[in-house]
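Undergrad: Quick one, structure for this:
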Amino acid sequence: MTRRLRRLRGTEMRIKKGESYADFILRLRLKTKRTQKEFAKLLGFEATIIHLWETGKRVPSMKSQRIIDEFAKTIK
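TA: Residues are numbered from 1 along each chain as shown. Below is the predicted model:
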């Protein structure tokens, strides 16, 4: 992410117990009402990698997970 994110009011989005990281990424994207392409651009990734993560075909690296987790903290 190139810009600083600010925390919004309310509770932040977190991965639920028993939820896969693929489901968490999909839930996060749907919560923000963005397409895969828009979501990817927002986070600084390619749209194809978002698709691969959401379908469980790939798992984000630790660095990518940190970026996603920091973004999730800004979502209520």
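Undergrad: Going along the chain, name the helices of this structure.
TA: Taking DSSP state H to define them, one finds helices in the chain at 21-31, 36-43, 47-54, 62-72.
Undergrad: helices or strands next to the first one in the packing?
TA: Right, helix 21-31. If you count contacts as 3 or more Cβ pairs under 8 Å, 6 or more residues apart in numbering; DSSP states H and E, helix 21-31 packs onto helix 47-54, helix 62-72. C-betas here are computed from N, CA, C, even on glycine.
Undergrad: can the ones you listed go into CSV with extra columns for distance to residue 26 and mean neighbour count?
TA: Listed next are these as CSV, based on distance: least, Cβ to Cβ, whole Å; neighbours: other Cβ atoms under 10 Å:
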stretch, distance to residue 26, mean neighbour count
helix 47-54, 5, 18
helix 62-72, 12, 15
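Undergrad: got those helices as TSV, with distance to residue 14 and mean pLDDT columns?
TA: Converted to TSV, those look like this (distance: least, Cβ to Cβ, whole Å; pLDDT from 0 to 100):
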stretch	distance to residue 14	mean pLDDT
helix 47-54	17	97
helix 62-72	7	95
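Undergrad: can you redo the ones you listed as TSV with distance to residue 29?
TA: Below are the helices and strands packed on helix 21-31 laid out as TSV (distance: least, Cβ to Cβ, whole Å):
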stretch	distance to residue 29
helix 47-54	7
helix 62-72	10
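Undergrad: among those helices, which is nearest residue 32?
TA: The minimum distance between residue 32 and those falls on helix 62-72, with 8.8 Å, by Cβ to Cβ.
Undergrad: by contact count, what packs against that closest one?
TA: Against helix 62-72 (3+ Cβ pairs under 8 Å, 6+ apart) you get helix 21-31, helix 36-43.
Undergrad: a markdown table for those, including mean pLDDT, distance to residue 58 and mean neighbour count?
TA: What follows is the helices and strands packed on helix 62-72, written out as a markdown table (pLDDT from 0 to 100; distance: least, Cβ to Cβ, whole Å; neighbours: other Cβ atoms under 10 Å):
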| stretch | mean pLDDT | distance to residue 58 | mean neighbour count |
| --- | --- | --- | --- |
| helix 21-31 | 95 | 9 | 17 |
| helix 36-43 | 97 | 13 | 17 |
